[in-house]
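K.L.:
give the three-dimensional model of this entry:
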Amino acid sequence: MKRKHIILILATATLLAISYISTKLRMLQTPVANRGQYSNQEITTGKSTDGMLGTTLVPMITNSTKNERINYHESEHTEERLELNENVLRSEDGGISLAWDQHGNIETFYGWYPQELQNELLSRYKNPCYMIDGKLYCLPYFFLAGMPKCGTTDIWSKISQHPQVAAAQKEPHWWTRGMIKGSLKLRGYMYQRTINIRKELVRARYDKKATKMIVGDGSASTFWENLLWNKLPSMDKTPSTMKIIASILPNAKFIVSLREPSNRMYSEYLAFQPTSKKSVTEYEQMVHEGISLLRECFNRSTQRECIFERQKRPKDYPFTRIRLSFYSVFVEEFLKYFSRDQLFLVRMEDWQTSCKQILPQIYKFLELDPLPKSSIFPICRQLSRHTNQHSYRIVGAQPYRIKQVIRNFVAPFNEELANIMQDNRFLWDDVE
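P.N.:
Model (predicted):
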């Protein structure tokens, strides 16, 4: 046992020595004129404030950048002023995560006022980043969202291969679940977004190209889930996910993938329904019952209530989720808080056949440097991910009669979407 302890101590000491030497070498490579922006790099080893282990390069800010430092902790004044406000979301430890006024406008976000947070952005970076307690943390520059089984995993994989896009966990579901349920605090979420971009951005003190690095969030639920509506009874005064994000990241860009609704629903059923229960007969029954229940809900509540808020919505079969096929409702919610030029809407059917044309358009939308065709073509030739081919072979194709039932039900919403986007492709008349 003692021998193991000695080996462990020696290994730890060796790692620390290597980290220290590599840091000093990087500093020596830094032009003298640029060293004044940051003081010596601090090596933080062990358990960080994010509750994660590791060795992280952390920039120390000097007097010239003190105005860029944020005190992350909520002030007593903020707590005292908001504790009588019923429109408050609290974390598991009782702290205020989010507070909004009687009109649904965000008052504070983890102790920050939205406008103050905008003023704290580090202007030298393209990605929204901040100095929090002397460390660099970032929020997403873009969101890749969409409905289940609309190809977001494949699109995320291909976007992430651009050299100016930092790798990150695709689906943290923080804005729709983690924040609401308190399972991950803001600093932990920002750490996840920053872990693979921090070193590049710190390097920006002597390499201006590094300031072009961006990081995204690929949680599909960001576009359609509004769990906050289930937390409080005053639904009409509760902000939607889009409104919360717009208050904090008003310049965020959204890439949203959609798919012909009946095909999307069947693919979702095949992907998530337990294998032993999958059958065309069961699926058809679920479709008819789901449509019937939604029609009843529409007769007594608004469409928005039935689609957004679970307490108002009737039983929702989790493996068809017809409500997620009302795309126009979600796009309209987005356009209440963001401009049209912040949305890149892509049909999955087009992505599958025209990746070589669409991927450069997405890169341009994200304001990334263009890649040559010699780079684009190999990326697009990579196989799509998370397909249901095995389940299709076992259960069979979706019968045409079921497709028509779904298409007739969602047709008004497709027409609304086509009008909003001024694009008849969203009628899906060209899809079998």
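
K.L.:
quick one: secondary structure of the residue nearest to Ile322 when sequence neighbours are not counted?
P.N.:
Distances taken as C-beta to C-beta, 6 or more residues apart in numbering put Gly290 closest to Ile322, at 4.8 Å, once the chain neighbours are dropped. (Each C-beta comes from the backbone N, C-alpha and C, glycine too.) Under DSSP: H, G, I helix; E, B strand; the rest coil, Gly290 falls in the helix class.

K.L.:
neighbours of Asn105, how many?
P.N.:
13 (other C-beta atoms under 10 Å).

K.L.:
which element is Gln285 on?
P.N.:
Using DSSP states H and E, Gln285 sits in helix 280-300.

K.L.:
then Trp351?
P.N.:
Residue-wise, Trp351 maps onto helix 348-365 under DSSP H and E.

K.L.:
could you list every helix and strand that that helix packs against?
P.N.:
Contact partners of helix 348-365 among helices and strands, from 3 or more C-beta pairs under 8 Å, 6 or more residues apart in numbering; DSSP states H and E: helix 152-159, strand 253-258, strand 343-347, helix 373-381.

K.L.:
let's see it at 6 Å
P.N.:
Helix 348-365 is packed against helix 373-381, with contacts defined by 3 or more C-beta pairs under 6 Å, 6 or more residues apart in numbering; DSSP states H and E.

K.L.:
now the angle between helix 152-159 and the helix it packs on, please.
P.N.:
Orientation check (axes from the mean of the first three to the mean of the last three C-alpha atoms, to 10 degrees): helix 373-381 against helix 152-159 gives 160 degrees.

K.L.:
spatially nearest residue to the residue most central in space within the chain (excluding sequence neighbours)?
P.N.:
What sits nearest the mean C-alpha location of the chain, by C-alpha atoms, centre = their mean, is Asp217, with 3.2 Å. Nearest in space to Asp217, with sequence neighbours left out and distances taken as C-beta to C-beta, 6+ apart, is Pro140 at 4.1 Å.

K.L.:
can you get me a residue count around Ser267?
P.N.:
Residues lying near Ser267 (other C-beta under 10 Å) number 22.

K.L.:
element containing it, please.
P.N.:
Here Ser267 is assigned to helix 261-272, by DSSP H and E.

K.L.:
please tell me I have it right and the residue nearest to the centre of the chain contacts Phe143.
P.N.:
Yes. In this structure, Asp217 is within contact of Phe143 by C-beta atoms under 6 Å, at 5.1 Å.

K.L.:
surely Gly146 meets Thr222?
P.N.:
No. Gly146 is beyond contact range of Thr222, at 9.1 Å (criterion: C-beta under 6 Å).

K.L.:
between these two, which one's more packed in?
P.N.:
Higher neighbour count among Gly146 and Thr222: Gly146, with 30 against 25, using other C-beta under 10 Å.

K.L.:
quick one, phi/psi of the more buried one?
P.N.:
Backbone torsions for Gly146, taken as degrees, to the nearest 10, come to phi 150, psi -180.

K.L.:
and it, what does it touch?
P.N.:
The neighbours of Gly146, taking C-beta atoms under 6 Å, 6 or more residues apart in numbering as the test, are Thr152, Ala220, Val256, Ser257.

K.L.:
swap the cut-off to 7 Å and go again
P.N.:
Shown in contact with Gly146 (C-beta atoms under 7 Å, 6 or more residues apart in numbering): Thr152, Ala220, Phe223, Val256, Ser257, Leu258.

K.L.:
ditto for Tyr137
P.N.:
By C-beta under 7 Å, 6+ apart, the contact list for Tyr137 reads Cys129, Tyr130, Arg187, Met190, Tyr191, Thr194.

K.L.:
tell me which entries of those residues lie within strands.
P.N.:
Of the contacts of Tyr137, the ones assigned to strands by DSSP state E are Cys129, Tyr130.

K.L.:
Gln102 in helix, strand or coil?
P.N.:
coil.

K.L.:
count the neighbours of it for me.
P.N.:
Using other C-beta under 10 Å, Gln102 has 10 other residues around it.

K.L.:
same check on the one 4 residues further on?
P.N.:
Counted with other C-beta under 10 Å, the burial measure for Ile106 works out to 20 neighbours.

K.L.:
state the pLDDT value of the residue nearest to the centre of the chain.
P.N.:
Asp217 carries a pLDDT value of 96.

K.L.:
thought it was touching Cys138?
P.N.:
No. Using C-beta atoms under 7 Å, Asp217 is not in contact with Cys138; the gap is 10.9 Å.

K.L.:
about what we covered before: for the helix holding Ser267, which helices and strands make contact with it?
P.N.:
Contacts defined by 3 or more C-beta pairs under 7 Å, 6 or more residues apart in numbering; DSSP states H and E place helix 261-272 against helix 389-395, helix 400-421.
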